[in-house]
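A.B. asks: The following comprises the amino acid sequence and a computationally predicted model.
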Amino acid sequence: MSDSIDPHELRARLHRIAAGRLRVAAAQQDMVAALVMTTKAMRDFASTFNAGIARDVAEHPDLAELNVQMDAFYDAA
C-alpha cells in the first residue's frame, strides 16, 4: 500500500504550522510589551522611592549631625 498524502491535507497541515508560528510570534510580542511596561513601572517606582527617601532625610533634624559623627568615626580609622 502506498500512503500518499492528499495535496489538500498537506496544504492544510502547512497552514496550521504557519498559524502556530504566528501564534508563537504574537505571544513573544505580548511578552516584550509586558516587559517594556514593567521596566517603566520599575523606573517610576524607583523615582518615587528615591524622592520619598530624600524627603525623609531632609525632614530629619539629626541626620546631618549623624553624618558628621560617622565621617569623623570612619576618617579616624
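C.D. replies: Sure, I can see it. Numbering: from 1, shown residues only.

A.B. asks: use CA for all of it now, contacts and neighbours both
C.D. replies: OK.

A.B. asks: by contact count, what packs against the host helix or strand of Glu9?
C.D. replies: Per DSSP states H and E: Glu9 is located in helix 7-59. Secondary-structure packing of helix 7-59 (3 or more CA pairs under 8 Å, 6 or more residues apart in numbering; DSSP states H and E): no helix or strand packs against it.

A.B. asks: What mean pLDDT does that helix get?
C.D. replies: When pLDDT is averaged along helix 7-59, the result is 92.

A.B. asks: hmm, who's touching the next helix or strand after it?
C.D. replies: Sequence order places helix 63-76 as the next helix or strand after helix 7-59, per DSSP H and E. Helix 63-76 has contacts (CA atoms under 8 Å, 6 or more residues apart in numbering) with Val57.

A.B. asks: now the angle from helix 63-76 to helix 7-59?
C.D. replies: Using axes from the mean of the first three to the mean of the last three CA atoms, to 10 degrees, the direction of helix 63-76 lies 90 degrees away from that of helix 7-59.

A.B. asks: Please put the alpha-carbon coordinates of helix 63-76 into PDB.
C.D. replies: Provided in PDB are the C-alpha atoms of helix 63-76 (Å, rounded to 0.1, in the frame of the first residue of the first chain):
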ATOM      1  CA  LEU A  63      20.800  63.100  60.200                       C
ATOM      2  CA  ALA A  64      23.200  66.000  59.400                       C
ATOM      3  CA  GLU A  65      24.700  65.600  62.900                       C
ATOM      4  CA  LEU A  66      24.800  61.800  62.500                       C
ATOM      5  CA  ASN A  67      26.600  62.200  59.100                       C
ATOM      6  CA  VAL A  68      29.200  64.400  60.700                       C
ATOM      7  CA  GLN A  69      29.800  61.800  63.500                       C
ATOM      8  CA  MET A  70      30.000  58.900  61.000                       C
ATOM      9  CA  ASP A  71      32.500  60.800  58.900                       C
ATOM     10  CA  ALA A  72      34.600  61.600  62.000                       C
ATOM     11  CA  PHE A  73      34.500  57.900  63.100                       C
ATOM     12  CA  TYR A  74      35.500  56.400  59.700                       C
ATOM     13  CA  ASP A  75      38.100  59.100  59.000                       C
ATOM     14  CA  ALA A  76      39.800  58.300  62.300                       C
END
